[in-house]
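*Asks:* Quick one: sequence plus predicted model below, questions after.
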Amino acid sequence: MDTWGPDKHELGATIPVAGNSEEFETGGWRSLVPEIDSGKCTGCMLCYFYCPDASILIENGIAVGIDLKHCKGCGICAKECPADAIAMKTEEKE
């Protein structure tokens with residue numbers, strides 16, 4: 001990744017492509033994993049909008065799962081859920 005760094009861009013430059021989890025599978029970083037109770041989900045979509053890695057899986061307006069290849073376990077989804085439909089659990093590593 002020699003294209004990144006302060007010596008590669010002018011001060012205030014726009015970085016054309018973010019190095020996000022779409023390009024890198026960041027799921028291995030987490031120690032906590034979100035667990036969704038779809039029965040409690042009200043469909044407000046706050047978890048979806050706040051997730052920095054677009055890891056919330058939505059079906060018919062309801063959160064139904066997590067893309068574990070990209071979820072970093074940051075817990076923002078659980079924090080923002082007004083229905084407490086998302087709980088952060090310790091991940092069982094295989």
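*Replies:* Nice, thanks for sending it over. Note that the structure is predicted; figures quoted are calculated from it, not measured. Residues are numbered from 1 along each chain as shown.
*Asks:* and the gap between G43 and G75?
*Replies:* Plainly put, G43 is 21 Å away from G75 if you go by Cβ to Cβ, to the nearest Å. In this view, the C-beta of every residue, glycine as well, is placed from N, C-alpha and C.
*Asks:* Below-threshold pLDDT in the protein: ranges please.
*Replies:* Applying pLDDT under 70 to the chain flags the ranges 1-23, 94.
*Asks:* can you give me the strands in this structure?
*Replies:* Here the chain has its strands, by DSSP state E, at 32-36, 56-59, 62-66, 86-90.
*Asks:* The closest residue to G75 other than its chain neighbours: how many residues sit nearby?
*Replies:* Closest residue in space to G75, ignoring its immediate chain neighbours: M88 at 4.9 Å, by Cβ to Cβ, 6 or more residues apart in numbering. When neighbours are counted by other Cβ atoms under 10 Å, M88 registers 17.
*Asks:* For M88, list each beta-bridge partner.
*Replies:* P34 (DSSP bridges).
*Asks:* Make sure it is actually in contact with R30.
*Replies:* No - when contacts are counted by Cβ atoms under 8 Å, M88 is not listed as touching R30 (9.5 Å).
*Asks:* Now do the shared contacts for those two.
*Replies:* Shared contacts of M88 and R30, defined by Cβ atoms under 8 Å, 6 or more residues apart in numbering, comprise G73.
*Asks:* if we can go back for a sec, can you add distance to K79 and give the strands of the chain back as CSV?
*Replies:* Below are those laid out as CSV (distance: least, Cβ to Cβ, whole Å):
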stretch, distance to K79
strand 32-36, 10
strand 56-59, 13
strand 62-66, 14
strand 86-90, 9
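*Asks:* Contact partners for the spatially closest residue to C77 that is not a sequence neighbour?
*Replies:* Distances taken as Cβ to Cβ, 6+ apart put C47 closest to C77, at 3.9 Å, once the chain neighbours are dropped. With contact taken as Cβ under 8 Å, 6+ apart, C47 is in contact with I56, A63, C77, A78, E80, C81, I86.
*Asks:* and the gap between the closest residue to the fourth one other than its chain neighbours and D37?
*Replies:* In space, A78 comes closest to I86 once its chain neighbours are excluded; the distance is 4.2 Å by Cβ to Cβ, 6+ apart. From I86 over to D37 the distance is 8 Å, taken as Cβ to Cβ.
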